[in-house]
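Undergrad: Build me a model from this:
(2 chains)
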Amino acid sequence: MTGASADNASMKRRPLLQVERLSKLFAVSSGLWGKPSFARAVDDVTLHVRHAETLALVGESGCGKTTLGRCILRLIEPTFGRIVFEGKDLSPLSQRQLRPFRKQMQIIFQDPYASLNPRMRIGDIVAEGIRIHRLASGSEVMDRVVAVLDSVGLSRDVIMRYPHEFSAGQRQRVGMARALAVEPSFMVCDEPVSALDVSVRAHILNLLQDLQEKRKIAYLFISHDLGVVRHLSHRTAVMYLGKIVEVGPTDDVFSGPWHPYSRALLSAVPVADPERKQLRMVLEGEVPSPISPPSGCPFHPRCPKNDGVDCVQRMPPLREMPEGVHHRVACWHPEGRTM
Amino acid sequence: MTTSPLLPRLFRSRSLILGSGLVVLLVLVAIVGPWFVAHDPNHSDFATGQGTFGLPGGPNRHHWLGTDTLYRDLLARLLYGARISLFIALLATTLAVTVGTLVGLSAGFFHGSRLRFVDTWLMRTVDAGLAFPYLLLVMAVGAAVDRSDTTTIIMVLGLTGWLGTSRLVRAKTISVRQLDYVVAARALGQNPIIIAIRHILPNIAGPILVTASASVASMILAESVLSYLSVGIQPPTATWGRMLREGQTFFTAAPRLVAAPGVAILLAVLAFNLMGEGFRDTLDPRTR
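TA: Alright, predicted model coming up:
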């Protein structure tokens, strides 16, 4: 084997993005003289995304999915932890030093109405990234805009129009075109279809899959729609109260979740078969506040497997499970039973 | 969000049509009006301007609105006064809105960032300024500066009038800054100054326009107050506020000396406020 191809092989093995022990604490002010307390929106998260793969991030509203996604792009400054992209540690870089990396890491949003500047024409919205990174000049800018609009299924005559003239689905395509225009290799998809009609949803999801195949883009797909996640993602990470509690290949996580929380979450997915009896696991209580999270495992107050000792006192580490490949769970009493 | 084309929507607001109509009329009168009166506003006409017992002359063939205490033509003074008053009010507003927008935009931009002390200090300064009633502040500054040429008055009014605007602009900036399209621009690596100019400013222009119109009205009032208290434009230059003050002593004998500038101020304030209200209604559908 030649040196070059060995290099190439190690490139393939090394994940595109590594997130190491990332935490984000938000200061919560408590009156004029009160001590400021902190909400741990993201708590000691370690994960990686490989080239051209989709890692889904699932969990309830408020569990820190969106914050994590934005911390990875440094749109929110993480409090602790490292973000390594293509072998380069981004965390010590200033926003200015980060600029060259911006064209490789992009984001698309949930709300197609808030994601486009109402005072800008579609052409300028999509061209913005091309101009910032000088990916083309003069008339070539608009050629590129036309090409990228075409790749998301929009014709060239949208260029001179304004966002309010478009439907939610079309706006979402424009948002995707804006991100794709700089040819990223990684994209955070922050609930990209949650605000869309079911009929439009399928189009956008297929488009995302097509683009991944053609352009080899890796997605961090943030969603609470488990049906979509199962359909789209290669691996799935389950988040609870700022922590990753289970991560593994999507099929393994869906067919045999180990963590009690994942089991409860997945049992809530409706099954389109009236004959099949569902064992619904209903959790008691509310999600605790991230300002004063429970001791030990954050899930223990609601967990049916709470032993009252380890669970209450110590946070379980993410451990490799015996079955499946790269299936890791943070639980003292994982339960490996198929659902 | 309703985003039908802007122009037809603008013409649907009655206060906007009435207000901007009045504003255009006032500005036209201020520019063109003085050309149509034969009298010099500072010339005392002892021949045809005197009334009985040496009182200011009432309206007659020569002086359509009569003359003031020094037998100067009231109409000429009113029209020349319109020039000065509106000129000062418009320029002071431009200055105030520009400063207020710059301060508010920077404060809002640095809010919650690593340079949040910029926001804190700017806003504490604004709080301190707003603790004084506006007219009191203008009077205090006006009296302290102790100069009363037009430029000084514009500076005094403009540099005290931006406080409210800056607060509004800051609040709007903070709310627009966290919208997804601004986040997207940051994710693309856009320069923060360009983000402020291209993504934030155009989307808060509506509320700024509204305060600007209302601000012109309060500037007209403030200028009148300064003139009334003799710390504004110096005599013999005619401004509406000065005319009000000079007419005061003859209020019972010749009420028109007070009524004429009073009505002019009232009309101007009403016009600009109506226009501001109209802008607000059409640009911000939520307040309708």
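Undergrad: Which residue, neighbours along the chain excluded, lies closest to residue A:63?
TA: residue A:239 (4.9 Å; C-beta to C-beta, 6 or more residues apart in numbering or on different chains). (C-beta placed from N, C-alpha, C; glycine too.)
Undergrad: neighbours of residue 261, just the number please.
TA: If you meant another chain, say so; for now it's chain A. 27 (other C-beta atoms under 10 Å in any protein chain shown).
Undergrad: not quite, I wanted chain B
TA: 29.
Undergrad: Equivalent analysis for the one 10 residues further on, please.
TA: Residue B:271 has 24 neighbours, counted by other C-beta under 10 Å.
Undergrad: cool, and residue B:275?
TA: Using other C-beta under 10 Å, residue B:275 is surrounded by 28 other residues.
Undergrad: That one: what's it in contact with?
TA: Contact analysis of residue B:275 by C-beta atoms under 8 Å, 6 or more residues apart in numbering or on different chains lists B:15, B:16, B:19, B:20, B:22, B:23, B:213.
Undergrad: Mind checking which of these are in helices?
TA: Using DSSP state H, the members of those that fall within helices are B:15, B:16, B:19, B:20, B:22, B:23, B:213.
Undergrad: Save those as JSON lines, and put in pLDDT too.
TA: Converted to JSON lines, those look like this (pLDDT from 0 to 100):
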{"residue": "B:15", "pLDDT": "83"}
{"residue": "B:16", "pLDDT": "84"}
{"residue": "B:19", "pLDDT": "87"}
{"residue": "B:20", "pLDDT": "87"}
{"residue": "B:22", "pLDDT": "90"}
{"residue": "B:23", "pLDDT": "88"}
{"residue": "B:213", "pLDDT": "83"}
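Undergrad: and the stretch 101-250 of chain A, which residues reach chain B?
TA: Residues of the stretch 101-250 of chain A that fall close to chain B, judged by C-beta under 8 Å from any C-beta of the partner chain: A:102-103, A:105-107, A:109-111, A:113-120, A:128-129, A:132-133, A:162, A:164, A:175, A:178-179, A:182.
Undergrad: Could you list which of those belong to helices?
TA: A:102, A:128, A:129, A:132, A:175, A:178, A:179.
Undergrad: Just give the number of residues close to the nearest residue to residue A:112 once chain neighbours are set aside.
TA: Nearest non-adjacent residue to residue A:112, counting by C-beta to C-beta, 6+ apart: residue A:171, 3.8 Å away. Using other C-beta under 10 Å, residue A:171 has 23 neighbouring residues.
Undergrad: where are the low-confidence patches of the stretch 51-200 of chain B?
TA: Confidence mapping of the stretch 51-200 of chain B against pLDDT under 70 gives the ranges B:51-54, B:57.
Undergrad: make that chain A, sorry
TA: Ranges of chain A meeting pLDDT under 70: A:1-13, A:30-34, A:270-279, A:323-324, A:336-339.
Undergrad: Single out the residue in the stretch 151-288 of chain B that lies closest to chain A.
TA: Nearest residue of the stretch 151-288 of chain B to chain A, counting by C-beta to the nearest C-beta: residue B:189, 3.4 Å away.
Undergrad: Next up, the contacts around that residue.
TA: So residue B:189 contacts A:98, A:99, A:102, A:103, A:129, A:132, A:133 (C-beta under 8 Å, 6+ apart).
Undergrad: hmm, who's touching the helix or strand that contains the first one?
TA: Taking DSSP states H and E as the criterion, residue A:98 maps to helix A:95-102. Defining contact as C-beta under 8 Å, 6+ apart, one finds that helix A:95-102 is touched by A:74, A:85, A:88, A:90, A:93, A:132, A:133, A:182, B:187, B:188, B:189.
Undergrad: Name the nearest residue to the third one, ignoring sequence neighbours.
TA: This points to residue A:88. For residue A:88, ignoring the flanking residues on the chain, the nearest one in space by C-beta to C-beta, 6+ apart is residue A:101 at 7.6 Å.
Undergrad: list the contacts for the spatially most central residue of chain B?
TA: In chain B, the residue lying closest to the centroid (C-alpha atoms, centre = their mean) is residue B:216, at 1.8 Å. Residues in contact with residue B:216 (C-beta under 8 Å, 6+ apart) are B:89, B:90, B:93, B:272.
Undergrad: please redo it, this time with the cut-off set to 10 Å
TA: Contacts for residue B:216 were tallied using C-beta atoms under 10 Å, 6 or more residues apart in numbering or on different chains; they are B:23, B:86, B:89-90, B:92-94, B:96-97, B:268-269, B:271-273, B:275-276.
Undergrad: picking that back up, nearest to residue A:313 among the ones in helices among the contacts of residue B:275?
TA: Among the ones in helices among the contacts of residue B:275, residue B:213 lies closest to residue A:313 (C-beta to C-beta), at 64.4 Å.
Undergrad: Can you tell me who residue A:189 pairs with across the strands?
TA: residue A:108, residue A:221 (DSSP bridges).
Undergrad: since we're on it, how many residues are nearby?
TA: Neighbour tally, residue A:189, other C-beta under 10 Å: 27.
Undergrad: Which strand or helix spans residue B:246?
TA: helix B:240-248.
Undergrad: Then residue A:43?
TA: strand A:37-49.
Undergrad: I figured residue A:209 hits residue A:231, correct?
TA: Yes - shown here, residue A:209 and residue A:231 form a contact pair, counting by C-beta atoms under 10 Å, at 8.9 Å.
Undergrad: anything in contact with each of the two?
TA: Counting by C-beta under 10 Å, 6+ apart, nothing touches both residue A:209 and residue A:231.
Undergrad: Closest one to residue B:41 out of the contacts of residue B:216, please.
TA: Lowest distance from residue B:41 to these (C-beta to C-beta) belongs to residue B:86, with 15.2 Å.
Undergrad: show me where the stretch 101-250 of chain B has helices.
TA: B:116-130, B:134-145, B:150-160, B:163-177, B:180-187, B:192-194, B:201-228, B:240-248 (DSSP state H, counting those that start in this stretch).
Undergrad: Same check on chain A?
TA: In chain A, the helices defined using DSSP H lie at A:3-13, A:65-72, A:95-102, A:122-132, A:139-151, A:168-180, A:198-215, A:226-232, A:250-255, A:260-267, A:310-313.
Undergrad: Which one of those lies nearest to residue B:27?
TA: Proximity to residue B:27 (C-beta to C-beta) singles out helix A:122-132 among the helices of chain A, at 34.8 Å.
Undergrad: Return the angle between stretch directions for that closest one and helix A:139-151.
TA: 120 degrees (axes from the mean of the first three to the mean of the last three C-alpha atoms, to 10 degrees).
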